[in-house]
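A structural model of the following input is requested.
(one chain, ligands or ions: 1)
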Amino acid sequence: MSVLDENIAKLSSYLAGFRDTGIQNRIGGEDCAGSGGVFQSISPVDRSVICDVARGDETDVDAAAQAAAWAFPAWRDLPATQRRKILIDVAGAIEARAEEIAFCECWDTGQTLRFMSKAALRGAENFRYFADQVVQARDGQHLKSPTLMNITTRVPIGPVGVITPWNTPFMLSTWKIAPALAAGCTVVHKPAEDSPLTARLLVEIAEGAGLPPGVLNTVNGFGHDAGKRLTRHKAIKAIAFVGESRTGSIITRQGADTLKRMHLELGGKNPVIVFDDADLDRALDAVIFMIYSINGERCTSSSRLLVQDTIREEFEARLVERVNNIKVGHPLDPATEVGPLVTEEHFNKVMSYFDIAREDGATVAAGGQTVGDTGYFVRPTLFTNADNSMRIAQEEIFGPVLTSIPFSTEEEALEMANDTAYGLTGYVWTNDLTRALRFTDRLEAGMIWVNSENVRHLPTPFGGVKASGIGRDGGDWSFDFYMEQKHIGFATGQHKIMRLGA
Ligand code: NAD
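Now for the predicted structure:
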């Protein structure tokens with residue numbers, strides 16, 4: 001039996017529960033059917049139905065918001081050390097079921113085991129990291145003035161909504177939910193309709209590890225009904241959203257009437273800039289990794305390669321050879337590097353750019369085709385002879401598709417790098433230190449790596465500028481979002497109070 005066959009057999013056992021009962025909403029610690037009926041979760045590997053999923057609508061979101069509001073005071077007031085212990089237990093329980101989470105994620109989203117085997121562990125790490133901050137989360141400052149002793153403190157904002165997309169959904173959900181819970185907030189989670197499996201596992205695991213009922217509630221469903229209601233609900237004090245830039249502006253409008261605090265992590269069209277003095281072997285590995293790993297369905301992917309014209313020909317030739325060698329296949333085959341795209345709609349979107357590239361005059365130097373006819377597979381693709389004004393250089397394709405654009409001077413590279421609506425990440429490859437300092441200072445991006453691919457360090461701020469988002473995650477920035485800052489001034493003596501009407 002091959003490893004793939006063994007993995008498929010294991011998958012079948014992991015999916016049995018989902019097949020038997022479908023996915024229910026989880027509200028106040030109870031399984032609940034969706035008031036909107038059911039929808040189906042489809043695997044992108046072979047287009048088969050995985051299971052029915054409860055379709056939550058306004059009624060279910062109202063019930064979940066009520067459950068979160070009911071659970072909030074006790075969770076807020078739980079001694080920090082107890083909250084910390086529960087979150088650490090959740091991390092341990094995630095690790096214990098890491099394989100199941102990874103297999104379900106692969107089948108539900110088309111992500112490969114090569115990358116998803118670590119996604120559950122990253123999720124556990126998110127819980128552990130924020131659990132360790134719990135004890136200090138409420139601490140503030142002492143700011144003495146001549147007449148007052150001023151102190152600051154932070155308190156959890158209240159029940160919050162977390163709305164997540166379908167790309168690496170387990171890891172992304174934990175990245176939002178773990179700091180919210182650590183801060184003392186309760187949560188209503190609306191996972192993406194295209195990837196509901198691991199959100200269900202998360203709430204099940206968390207409750208099993210001791211998270212009290214109602215502290216985390218999961219309502220499945222679509223953005224335009226369940227999602228919309230969550231962003232408008234009065235009891236929900238903030239929305240942590242990850243998804244498309246267009247959706248980010250829609251939900252900002254939806255949240256306006258209730259003055260909802262919003263944290264938006266949105267799309268990107270991130271540049272990787274390769275200068276001719278860089279370590280080109282490492283740059284090549286990083287360029288390939290940052291667009292073709294995770295099926296290119298990654299907000300931080302470097303989907304625009306800006307390469308200096310002096311090295312362009314050789315660099316692109318080496319790229320073509322490597323890209324043509326990338327193994328596309330079954331996500332549960334450990335050898336697979338790129339799996340199928342998440343849905344038929346997304347597959348059609350990515351494929352449409354193969355024609356757009358040709359119509360706009362670019363060259364399809366690698367890929368540009370689909371693979372097989374059972375699932376949503378495309379060949380890793382490279383466009384060359386492109387310029388920065390083309391749609392393939394401006395629009396987020398969100399697949400394993402790279403657009404290569406030449407530049408001659410540093411000024412030109414900077415101008416092209418910044419000439420985009422987005423500003424999530426940037427990657428700079430050069431061995432000239434002063435150039436790196438100069439360039440990164442003027443590069444419009446929330447996160448920049450020099451001579452490195454994206455290596456996430458949880459204490460650092462994560463987020464974008466321009467159309468890539470508002471707000472930051474990571475370290476204490478997460479607590480700033482999920483908590484309210486308070487100032488309290490205590491008179492230290494009998495200072496003069498102005499007397500009116502005396
Ligand atoms: P999407 O915006 O279509 O959906 C994201 C979530 O929003 C889903 O749960 C969806 O149901 C919900 N939603 C949709 N309309 C809504 C509405 N009107 N009200 C409330 N909720 C609504 O995004 P997607 O296609 O699932 O995900 C891909 C996008 O996410 C890409 O643009 C990618 O760059 C972005 N992303 C960004 C980051 C980041 O950290 N910046 C991380 C991952 C993904």
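
what does the stretch 101-250 of the chain put close to the ligand?
With Cβ under 6 Å from any ligand atom as the criterion, the stretch 101-250 of the chain comes near the ligand at residues 163-167, 172, 190, 192-193, 222-224, 227-228, 231, 242-244, 247, 250. From N, CA and C alone the C-beta is placed, and that goes for glycine too.

report the buried residues of the one helix or strand I88 maps to.
Using DSSP states H and E, I88 sits within helix 80-96. Across helix 80-96, burial judged by 16 or more other Cβ atoms under 10 Å covers 80, 83-91, 93-95.

grab the nearest non-local neighbour of Q141.
T152 (4.8 Å; Cβ to Cβ, 6 or more residues apart in numbering).

which strand residues bridge that neighbour?
Counting by DSSP bridges, T152 forms beta bridges with H487.

does it touch K486 like I think?
Yes. Under the criterion of Cβ atoms under 8 Å, T152 lies in contact with K486, with a separation of 6.5 Å.

need the overlap of contacts for the two.
G140 (Cβ atoms under 8 Å, 6 or more residues apart in numbering).

how about the residues of the stretch 251-400 of the chain by the ligand?
I251, Q254, E265, L266, G267, G268, C299, E396, F398.

and L500, how many neighbours?
5 (other Cβ atoms under 10 Å).

correction: L382
28.

that one - nearest residue in space that isn't next to it in sequence?
A366 (4.2 Å).

again with P146
P146 sits nearest to H495 (Cβ to Cβ, 6+ apart), 7.8 Å away.

isn't there a strand covering the one you found?
No. H495 sits outside any strand when classified using DSSP: H, G, I helix; E, B strand; the rest coil, being coil.

that one against T147, yeah?
Yes. Taking contacts as Cβ under 8 Å, H495 lies within contact range of T147: 3.8 Å.

so where's the stretch 51-200 of the chain shaky on pLDDT?
For the stretch 51-200 of the chain, no stretch has pLDDT under 70.

what segments of it are helices?
58-77, 80-96, 98-109, 113-131, 169-183, 197-208 (DSSP state H, counting those that start in this stretch).

how close does the residue of the chain most remote from its centre get to the ligand?
The outermost residue of the chain relative to its centre, with distances by Cα atoms, centre = their mean, is A502 at 60.3 Å. Computed as Cβ to the nearest ligand atom, to the nearest Å, the A502 to the ligand distance reads 55 Å.

ditto for G372
24 Å.

the residue nearest to K486 when sequence neighbours are not counted: neighbour count?
Distance criterion Cβ to Cβ, 6+ apart; nearest residue to K486, sequence neighbours excluded, is T153 at 5.2 Å. Neighbour count of T153, defined by other Cβ under 10 Å: 14.

residues from the stretch 401-502 of the chain in reach of the ligand?
So far as Cβ under 6 Å from any ligand atom goes, the stretch 401-502 of the chain lies against the ligand at L424, G464, S468, G469.

of those residues, keep whichever come out buried.
L424, G464, S468, G469.

what sits against the spatially most central residue of the chain?
By Cα atoms, centre = their mean, the chain has its centre lying nearest to L172, at 4.2 Å. Residues near L172 by Cβ under 8 Å, 6+ apart: T164, P165, V242.

buried sites along stretch 230-249?
Those would be 230-233, 235-245, 247-248, for stretch 230-249 by 16+ other Cβ under 10 Å.

please apply the same query to stretch 138-149.
Those would be R138, for stretch 138-149 by 16+ other Cβ under 10 Å.

what does that stretch contact?
Contacts for stretch 138-149 (Cβ under 8 Å, 6+ apart): 80, 150-155, 483, 485-486, 489-493, 495.

how does it look with 10 Å?
80, 150-156, 183-184, 479, 483, 485-496 (Cβ atoms under 10 Å, 6 or more residues apart in numbering).

tell me which of the helices of the stretch 51-200 of the chain sits most buried.
Ranked by mean neighbour count under mean count of other Cβ atoms under 10 Å, the helices of the stretch 51-200 of the chain are led by helix 169-183, which reaches a mean of 27.

now do it and helix 58-77, the angle between them.
Per axes from the mean of the first three to the mean of the last three Cα atoms, to 10 degrees, the angle that helix 169-183 makes with helix 58-77 is 50 degrees.

okay, angle between helix 169-183 and helix 113-131 too, please.
0 degrees.

distance from the chain centre to helix 169-183, please.
Its chain's C-alpha centre and that of helix 169-183 lie 10 Å apart, by Cα atoms, centre = their mean, to the nearest Å.

CA atoms only for it, dumped as PDB, please.
This file holds the C-alpha atoms of helix 169-183, laid out as PDB (Å, rounded to 0.1, in the frame of the first residue of the first chain):
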ATOM      1  CA  PRO A 169      -8.700  28.300   7.400                       C
ATOM      2  CA  PHE A 170      -7.700  26.500  10.600                       C
ATOM      3  CA  MET A 171      -4.500  28.400  11.100                       C
ATOM      4  CA  LEU A 172      -6.100  31.700  10.200                       C
ATOM      5  CA  SER A 173      -9.100  31.200  12.600                       C
ATOM      6  CA  THR A 174      -6.800  30.400  15.500                       C
ATOM      7  CA  TRP A 175      -4.800  33.500  14.800                       C
ATOM      8  CA  LYS A 176      -7.900  35.600  15.400                       C
ATOM      9  CA  ILE A 177      -9.800  33.500  17.900                       C
ATOM     10  CA  ALA A 178      -6.800  32.800  20.300                       C
ATOM     11  CA  PRO A 179      -6.000  36.400  21.100                       C
ATOM     12  CA  ALA A 180      -9.700  37.300  21.400                       C
ATOM     13  CA  LEU A 181     -10.200  34.600  24.000                       C
ATOM     14  CA  ALA A 182      -6.900  35.400  25.700                       C
ATOM     15  CA  ALA A 183      -8.100  39.100  26.000                       C
END
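
so G375 touches T109, yeah?
No. Using Cβ atoms under 10 Å, G375 is not in contact with T109; the gap is 11.8 Å.

quick one: common contacting residues for these two?
With Cβ under 10 Å, 6+ apart, G375 and T109 have common neighbours S43, P44, V45, P331, G339, P340, L341.

just the closest of those to A67, please.
S43 (30.9 Å; Cβ to Cβ).

pretty sure that closest one sits against P340.
Yes. When contacts are counted by Cβ under 10 Å, S43 is listed as touching P340 (8.6 Å).

the more surrounded of these two?
P340 (29 against 21).

got a list of what that one touches?
With Cβ under 10 Å, 6+ apart, P340 has these contacts: 43-47, 109-112, 295, 328-331, 346-347, 370-372, 374-378.

6 Å instead?
Applying Cβ atoms under 6 Å, 6 or more residues apart in numbering, we find P340 in contact with P44, V45, G110, G375, Y376, F377.

in a strand, it, correct?
No. According to three-state DSSP, P340 belongs to no strand; its state is coil.

closest one to L382 among the helices of the stretch 51-200 of the chain?
Closest among those, using Cβ to Cβ: helix 113-131, at 20.3 Å.

helices or strands next to that closest one in the packing?
Judged by 3 or more Cβ pairs under 6 Å, 6 or more residues apart in numbering; DSSP states H and E, helix 113-131 is in contact with helix 80-96, helix 98-109, helix 169-183.

how does it look with 10 Å?
Under the contact criterion of 3 or more Cβ pairs under 10 Å, 6 or more residues apart in numbering; DSSP states H and E, helix 113-131 touches helix 3-21, helix 80-96, helix 98-109, helix 169-183, helix 197-208, helix 475-482.

thank you kindly, that will do.
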